[in-house]
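Visitor: I would like to see how this sequence folds:
(3 chains)
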Amino acid sequence: MSADFLLFLIVGFVAIAAATAMLFSRSALYAALFLITNFGAVAVLYLLLNAPFLAMVQISVYAGAIMVRFLFVIMLVGAERRGREPEAPTLRWQRPLAIVLAIVLVVQAAYVFITRAAAGPAPAETVDAGPLSIGKTLIGSYLLPFEVIAIVLLAAMVGAVVLTRERS
Amino acid sequence: MNQLLFISPILFPLLGVLINTMLGRRMSEKAIGWLAAWMVIASFAISLVLFAQLSAAPAEARLTWGAIDLGIPWIQAGALNVSFGFLIDPLSATMMLVVSGVGALIHIYSIGYMHGDPRFARFFVYLNLFVASMMLLVMADSFLLLFVGWELVGLCSYLLIGFWFKNLKNAEAGRKAFVVNRIGDAAFILGILLTFVTFGSLTFRDVFAGVERGGESVQAAVAAITLLLFIGATGKSAQIPLHVWLPDAMAGPTPVSALIHAATMVTAGIYMMARNHVLFEAAPSTQALVAIVGALTALTAGYSALTQFDIKRVLAYSTISQLGFMVAAAGLGAYVAAMFHLVTHAFFKALLFLAAGSVIHALEHHGHHHAVDPQDMRNMGGLRAKLPLTFAVFAIGGLALAGVPPLAGFFSKDEIVLDALKHNPLVFILLTVAAIFTAFYVGRQLMMVFFGRPRSEMAEQAHESPAVMTAPLLALAALTIVGGALNLPGVGTLGYWLAPAVDEFKTHPLDVGLAGAFTLIALGGLAGAGLIYRHAFAAPDQADPLSRLGLLYRLSLNAWYLDRLYQAVVVKGFYTLSSFLASVLDLGGIDGLVNGAGRLARSAGEWLRGAQTGFVRSYGLLMLIGVVVLVTYFLVAGANVR
Amino acid sequence: MDTVTPFVLLSAILFALGLTGVLVRRNALMIFMSIELMLNSANLAFVAFARQWGRLDGQMFVFFIMTVAAAEVAVGLALIVTIFRARRSTNVDDLAQLKG
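Guide: As a prediction, this is how the structure comes out:
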């Protein structure tokens, strides 16, 4: 068992634990904090997978900017205050059925990944995934999506402003 | 350029249609009428030029001399390949001259007759369109183009019969003509389709070559084709059993009756049979039927004409009867005789109608008692003195119709009965009786209209028609007198002219015995009518002397009760079937299906709307179920592939 | 580390957890966070496969997914705030007006 694999086991366990905790936490605030933990763990996994740039982006954008915004909204609407309520009658089957189906899906995915792993190639030599080569690829063959995504971000910004503006 | 000359007999009247349609509102009556008339005269002049050129060609080349193809593909669908092709051979040249010649005279006459009508321009548009269509019909070199003309003249006929549509009776007459003609046309279309299926082409030349090549093998098909074509002819040429529309067609303005329902359109069926004589000769069974139907029509319609009171209805039944003569001749294979009678009949029947129109015009315009029917012969009488010119030409036409020598009708009828005597005794007997009837109703009509004393105020005040109307009458009267010279016995000008197009022809000297017998018949019928009707109708409401015959009289007056029979069987049956289909099949069956489908959708919706809970999460769950099912499917299917 | 299979298995587990969260939680914010978790698990799978094939394309996809996620969060949270203002609730079960 290599050191990398040991690290994977530990970090993977942390990621699953954080996600599960998020799932069951009553308070949205705690849930957000658990999600940040999960994101951090995944960032470590990115490092293990030779994606140092993405790991940094994960920390700064996802765990940082996006989740901060979540926290702001949670503070604003006070969502964690609401207690438990009985399920609506039509949704009585929702919870057990959802859990069962999710488990089925995991089992199916695991079956596929394990039985077909042999079909894929052995892991290739690591490529340079530093900021420089990422940037070159981004401005090179991915130029058009890059520009498009810039417009998407602009549109989202405008949309967010328009949606939240108080009507007078 | 040459091609343009060839089709300009069609184009000139079409030009008239165009101009009068667009500018008719702004032009004076005179301009409209003379424009239309000149267009037809131009058509006639070009027909004359073409005729002269054609007759300059050697006899054996005349069949192909005037065959032109505009080279414009019209229909190209699979094996069907039709282009605009025309054929000017002796047969169509003859028809072109008759149509445009008689047509031109009637156009001129109409200028006077239709004077003051609020829809004057419209009338001439229809008349011009009719001439163009009829020219198209006779010049076509394929069944399809002929059918186009065939339908177009039917349309014009419908439009003109119902020209005064504000009177419901006229509109209904137009509709009746249209519907009855449709029955024949349906068979005609089937005949055309069967022709195409059998011979793979629709041009006359290909089809005729196919008949000669096919011999025995196509005999059954040819019999069916000719039968279907003949049914079409019974519609257009008013033969039993589809003749019922023609008497009602007299609802149209009188020039229309003269042009369409006597001189030209109704002869389309005869022309069509002469054109397709190759087909008909290859089908002896159809030929026999054609002869019998024609002779029966001649007899029954002549019988119906005996007791009519409407001046135009007499002529209408007479037209049917004379068409019966032509059809019988065609059935006997005597196409020259049929065409000869067609031409002379066009002359004298147009003359009779126009003269009748002159009578009606005189009564209508000078009498002011519109409650009295100006077409009822019981309201006439004594017009000989008031309308001397009209009387003279009417008498000439009538005598020609009765078959008095040396007028045109005598020679043409004589040829038909001679052929009948040679080939088919039954047809001969029927036609002889019909000839007796003909002479009698002509005499009766002359007596009732022109002799005796005036039986109404308007008859007393009648005055002769204007020159624009009487000039065409005189021209037609002249043609009626000399028309027989076209095909004198022993000379046979028309016969030898037509022979390449219709059949071999050999003229024969006058059969003195037969001609004498028929002259006696004509004179006897006229004299009998003169005797019987000399003192009849002292007053308009007096009964007809023939009414003493009882049932025989009523049969004639009501035209064998055919209209009532059709009304009871066909029309009533149609309504019964329709109401059955409407109430049971449509409301119950089809609407039931439709409503059922609606109800099914509605109840399915009622049931399925339960799935639409409105909760976002349950929609999400449904998506997940779908995902799991799909993944499972691909796993199983993928396992199978591998 | 000779195989990426454990990474994709982990990705599948995280995805299923996020999915369950979407389906069982009633709070709109929780649902939204669960969706982020699902996106994240998909990203992990992308990076793992990029590692296996020795190419950068998978990482580029993740980059774009992160950007779209940022845009989506901006708009989504704005919607939640607006809905909360109007209805004083973030419970998605209260928003069931569209039922048949």
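Visitor: report all helices and strands that the helix or strand where C:Thr82 lies contacts.
Guide: With elements taken from DSSP states H and E, the one containing C:Thr82 is helix C:57-87. Secondary-structure packing of helix C:57-87 (3 or more C-beta pairs under 8 Å, 6 or more residues apart in numbering or on different chains; DSSP states H and E): helix A:52-57, helix A:67-77, helix A:131-139, helix A:143-164, helix C:28-53. Every residue, glycine included, has its C-beta placed from N, CA and C.
Visitor: can you list the weak-confidence ranges in chain A?
Guide: Along chain A, segments meeting pLDDT under 70 span A:1, A:78-91, A:117-121, A:168.
Visitor: sticking with the most centrally placed residue in chain A, tell me its helix or strand.
Guide: The centre of chain A sits closest to A:Phe39, judged by C-alpha atoms, centre = their mean, with a distance of 6.2 Å. Here A:Phe39 sits within helix A:28-48, counting by DSSP H and E.
Visitor: mind listing what residue 66 touches?
Guide: I went with chain A, as the question did not name one. C:Glu36, C:Ala69, C:Ala70, C:Val73 (C-beta atoms under 8 Å, 6 or more residues apart in numbering or on different chains).
Visitor: you looked at the wrong chain, it should be chain C
Guide: Contacts were defined as C-beta under 8 Å, 6+ apart; by that measure C:Met66 touches A:Val57, A:Gln58, A:Val61, A:Tyr62, C:Asn43.
Visitor: most widely separated two among these?
Guide: A:Val61 and C:Asn43 (11.5 Å; C-beta to C-beta).
Visitor: tell me which of the two has more neighbours.
Guide: A direct count of neighbours by other C-beta atoms under 10 Å in any protein chain shown for A:Val61 and C:Asn43 places C:Asn43 higher, at 26 against 18.
Visitor: which non-adjacent residue is nearest the more buried one?
Guide: Across the structure, with C-beta to C-beta, 6 or more residues apart in numbering or on different chains as the measure, the residue nearest C:Asn43 apart from its sequence neighbours is C:Val62 (4.6 Å).
Visitor: so the helix holding C:Thr82 versus helix A:67-77, what angle?
Guide: If you take axes from the mean of the first three to the mean of the last three C-alpha atoms, to 10 degrees, helix C:57-87 sits at 10 degrees to helix A:67-77.
Visitor: next, the angle from helix C:57-87 to helix A:28-48.
Guide: 170 degrees.
Visitor: how about the contacts made by the residue of the stretch 301-450 of chain B found nearest chain C?
Guide: The shortest separation between the stretch 301-450 of chain B and chain C is 71.0 Å, found at B:Ala316 (distances taken as C-beta to the nearest C-beta). Listed by C-beta under 8 Å, 6+ apart, the contact set of B:Ala316 reads B:Leu246, B:Pro247, B:Ala249, B:Met250, B:Ser257, B:His261.
Visitor: same check, this time on B:Val17
Guide: By C-beta under 8 Å, 6+ apart, B:Val17 lies in contact with B:Val125, B:Asn128, B:Leu129, B:Ala132.
Visitor: correct me, but the last one touches B:Leu15?
Guide: No - because the distance of 9.0 Å does not satisfy C-beta atoms under 8 Å, B:Ala132 is recorded as not touching B:Leu15.
Visitor: between those two, which is the more surrounded one?
Guide: The residue with the greater number of neighbours, taking B:Ala132 and B:Leu15 and applying other C-beta under 10 Å, is B:Ala132; the counts read 26 against 17.
Visitor: show me which positions of the strand or helix carrying the more buried one end up buried.
Guide: Take DSSP H and E as the rule and B:Ala132 turns out to sit in helix B:120-139. Applying a neighbour-count criterion of 16 or more other C-beta atoms under 10 Å in any protein chain shown, one finds B:120-139 buried in helix B:120-139.
Visitor: try stretch A:155-168
Guide: Neighbour-count burial for stretch A:155-168, with 16+ other C-beta under 10 Å as criterion, is recorded at A:Ala156, A:Ala160, A:Leu163, A:Thr164.
Visitor: of the residues you listed, closest to B:Met448?
Guide: The closest of these to B:Met448 turns out to be A:Leu163 (C-beta to C-beta; 97.9 Å).
Visitor: quick one: neighbours of residue 7, just the number.
Guide: No chain specified, so I'll use chain A. By the criterion of other C-beta under 10 Å, A:Leu7 has 15 neighbours.
Visitor: that's the wrong chain, I meant chain C
Guide: Neighbour count for C:Phe7, taken as other C-beta under 10 Å: 24.
Visitor: same check, this time on the one 4 residues further on
Guide: Using other C-beta under 10 Å, C:Ser11 has 27 other residues around it.
Visitor: neighbours of the residue of chain A found nearest chain C, how many?
Guide: Using C-beta to the nearest C-beta, the closest approach of chain A to chain C is made by A:Ala124 at 2.6 Å. Other residues within reach of A:Ala124, judged by other C-beta under 10 Å, total 12.
Visitor: verify the stated contact: it with C:Gly54.
Guide: Yes - proximity of A:Ala124 to C:Gly54 meets the contact threshold set by C-beta under 8 Å, at 2.6 Å.
Visitor: and the closest residue to chain A within chain B, what are its phi and psi?
Guide: Nearest residue of chain B to chain A: B:Thr613, at 4.8 Å (C-beta to the nearest C-beta). In this entry, B:Thr613 is assigned phi and psi values of phi -80, psi -20 (degrees, to the nearest 10).
Visitor: any idea how far it lies from B:Trp607?
Guide: For B:Thr613, the distance to B:Trp607 (C-beta to C-beta, to the nearest Å) stands at 14 Å.
Visitor: and the two? Which one has more around it.
Guide: When B:Thr613 and B:Trp607 are compared for neighbours, B:Thr613 comes out ahead with 21 against 9, by other C-beta under 10 Å.
Visitor: what's the spacing between the residue of chain B found nearest chain C and C:Gly21?
Guide: In chain B, the residue found nearest to chain C is B:Gly614; the distance is 2.7 Å by C-beta to the nearest C-beta. For B:Gly614, the distance to C:Gly21 under the criterion C-beta to C-beta works out to 21 Å.
Visitor: now do B:Phe411
Guide: Distance of B:Phe411 to C:Gly21, given as C-beta to C-beta: 110 Å.
Visitor: right, and the helix or strand after the longest strand belonging to chain B?
Guide: Using DSSP state E to define each element, chain B has its longest strand at strand B:66-77. Reading on from strand B:66-77 to the C-terminus, the next helix or strand found by DSSP H and E is strand B:80-88.
Visitor: pull that following strand out as CSV, backbone CA atoms only.
Guide: Extracted in CSV, the C-alpha atoms of strand B:80-88 (Å, rounded to 0.1, in the frame of the first residue of the first chain):
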residue,chain,number,x,y,z
LEU,B,80,-47.6,9.9,-68.8
ASN,B,81,-46.1,12.6,-71.0
VAL,B,82,-48.4,15.2,-72.4
SER,B,83,-47.5,18.3,-74.2
PHE,B,84,-49.6,21.0,-75.8
GLY,B,85,-50.3,19.6,-79.2
PHE,B,86,-52.8,20.7,-81.8
LEU,B,87,-54.2,19.0,-84.8
ILE,B,88,-55.8,20.7,-87.8
